[in-house]
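Participant: prediction below, plus the sequence it came from.
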Amino acid sequence: MNTVGSQPIVPFLDLKKRNMYYKDELLNAMTRVTESGWYIQGKEVEAFQQEFANYIGVGFCVGVGNGLDALRLIIRSYIKLGKLSKGDEVIVPHNTFIATVLAISEEGLKPILASPYLENYNLDTSKLRRYLSPKTKAIMPVHLYGQICFDNRLKAFADRYNLLIIEDAAQSAGASLPYKKSGNLGHAAATSFYPGKNLGALGDGGAVLTNDEQLAKMVRALANYGSSSKYIHEWKGLNSRLDELQAAVLRVKLKYLDKENNHRRIIAECYNRKINNPYVVTPCPHKYPSAHVWHLYVIRTPYRQALQQHLNKYGIQTLIHYPTPIYKQGAYPELANQHCSITDKLHQEVLSLPIGPSLTAIEVNRVIEAINSFQ
Ligand SMILES: *Cc1c(COP(=O)(O)O)cnc(C)c1O
């Protein structure tokens, strides 16, 4: 690969550059926590939960250890509250990141993998009926690559069959339909503050979002040793808490989330408009531009390996999200029979281009030129 020192000329993701914009504010926030002497479940977590709940427009936000735990805690809480039971089936898109499916199976429920659309990579809401059984109790739309996966069909399907809608909003912080943000579209939502996500901490973190007070209380207790007051343990819980340092960092980063998402949107629009190569299919935009926050910009090409090598030569780093479908992973032999040809095609053809708040116009043009020169 063409490099400057050991760095590619256009890195896929430059986390250091992204966070250095806010260096002084981040250091101030971390100093405030260090000097407070209080590092777990204190004022920063409380303030961040309130600020993030206000931003999303939900009644409750519970900070937890990471995105996977957020998903698991929602399911575990619904089990404790009697709304889900072990063995229930949950419809989930085939082509998601493995965490979504792990949360379901680790809590003793059964993932039913559903086909995505080829055009926008999200759950195909016109085919949901075929995955329904008397055991179906929930559906988990994933706002994949930052694009909201929610429409009237999905809502009507969930209402008609009395299914819980649990959003996996790990990739879609800030994405919004005209009146509602991702994280406020179903009964509960999980999000992740993994450093590479649109709202990224300087370490692990996650949150559960909901308007359901009972659920929020249960999640809060289960995430804290199954306890709602110290040394009283009503449930067998786990230890999964957002810590004060990460909460303080996230309070800084939240202020810039919309600005960063707008920057991503401008890059995506530029790619969509200017990438013009007969071997490359650009992602189909959402009818509401605000409904996509472009966590990833994912193209499709039948010549993926050759294109990736071509871009490498120009010093442009690309990644594949995700190279192997879940039903072909060693971890899930029990899902091996859930074949899906659209999923197979996606996993063979998708390629993620550099996108993010620190990418410059020069870098974006370099990517476009390199792609357009691919033969
Ligand atoms: C990142 C991610 C998760 C898990 O989040 P972690 O904080 O890494 O545990 C879950 N679902 C999706 C779609 C993700 O991208």
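Facilitator: Yep, it's here.

Participant: what ranges in the stretch 1-150 of the chain fall below the confidence cut-off?
Facilitator: For the stretch 1-150 of the chain, applying pLDDT under 70 flags the ranges 1-7.

Participant: show me where it has strands.
Facilitator: Residue ranges of the strands in the stretch 1-150 of the chain, as given by DSSP state E, counting those that start in this stretch, are 3-4, 7-8, 60-64, 89-93, 110-114, 136-139.

Participant: deepest-packed of these, please.
Facilitator: strand 60-64 (a mean of 26; mean count of other Cβ atoms under 10 Å). Any C-beta I mention is one placed from the backbone N, CA and C, and that applies to glycine too.

Participant: now do the contacts for the closest residue to the ligand within the chain.
Facilitator: Nearest residue of the chain to the ligand: Gly67, at 2.3 Å (Cβ to the nearest ligand atom). Each residue near Gly67 by Cβ atoms under 8 Å, 6 or more residues apart in numbering is listed here: Ala99, Asp168, Ala170, Ala190, Thr191, Ser192, Phe193, Tyr194, Lys197, Gly206.

Participant: now do the helices in the protein.
Facilitator: Listed in chain order, the helices of the chain (DSSP state H) span 15-20, 23-36, 43-56, 67-80, 98-106, 152-160, 213-222, 244-255, 257-274, 304-313, 341-349, 361-372.

Participant: list the buried residues in the second one.
Facilitator: Of the residues in helix 23-36, those scored as buried under the neighbour-count criterion (16 or more other Cβ atoms under 10 Å) are Glu25, Leu26, Ala29, Met30, Val33.

Participant: in TSV: the residues you listed, plus distance to Tyr55.
Facilitator: Listed next are the buried residues of helix 23-36 as TSV, based on distance: Cβ to Cβ, whole Å:
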residue	distance to Tyr55
Glu25	17
Leu26	19
Ala29	17
Met30	22
Val33	21
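
Participant: contacting residues around Gln348?
Facilitator: Here Gln348 is in contact with Pro302, Arg304 (Cβ under 8 Å, 6+ apart).

Participant: can you check Phe48 too?
Facilitator: Cys61, Gly63, Leu242, Ala247, Ala248, Leu250, Arg251, Leu254.

Participant: skipping adjacent residues, who's closest to it in space?
Facilitator: Leaving aside its sequence neighbours, Phe48 sits nearest to Ala247 (Cβ to Cβ, 6 or more residues apart in numbering; 4.1 Å).

Participant: tell me how many other residues crowd that neighbour.
Facilitator: 28 (other Cβ atoms under 10 Å).

Participant: cool, and the one 3 residues further on?
Facilitator: Applying other Cβ under 10 Å, we find 28 other residues in the vicinity of Leu250.

Participant: I figured it hits Gln49, correct?
Facilitator: No: using Cβ atoms under 8 Å, Leu250 makes no contact with Gln49, being 9.9 Å away.

Participant: tell me how many other residues crowd Ala70.
Facilitator: By other Cβ under 10 Å, neighbour count at Ala70 equals 32.

Participant: which pLDDT value belongs to the residue nearest to Pro283 when sequence neighbours are not counted?
Facilitator: What sits nearest to Pro283 in space, not counting adjacent residues and going by Cβ to Cβ, 6+ apart, is Val298, at 5.8 Å. You'll see Val298 listed with a pLDDT of 98.

Participant: which residues are in contact with Val298?
Facilitator: Taking Cβ under 8 Å, 6+ apart as the test, what Val298 contacts is Tyr121, Tyr145, Pro283, His321, Val350, Leu351, Ser352, Leu353.

Participant: bridging residues for the last one?
Facilitator: Which is Leu353. Leu353 has the following beta-bridge partners by DSSP bridges: Tyr297.

Participant: mind listing what it touches?
Facilitator: Contacts of Leu353 by Cβ under 8 Å, 6+ apart are Tyr271, Tyr297, Val298, Ile299, Ile316, Thr318, Val367, Ile371.

Participant: ok, the fourth one next?
Facilitator: With contacts defined as Cβ under 8 Å, 6+ apart, the neighbours of His321 are Phe97, Tyr145, Leu296, Val298, Val350, Ser352.

Participant: quick check: the fourth one vs Asp124, distance?
Facilitator: Relative to Asp124, Val298 is positioned 17 Å away (criterion: Cβ to Cβ, to the nearest Å).

Participant: from Gly205, how far off is Thr31?
Facilitator: 19 Å.

Participant: err, Thr324, not the other one
Facilitator: Remark: distance between Thr324 and Gly205 (Cβ to Cβ) = 27 Å.

Participant: got it, and Ala175?
Facilitator: 19 Å.
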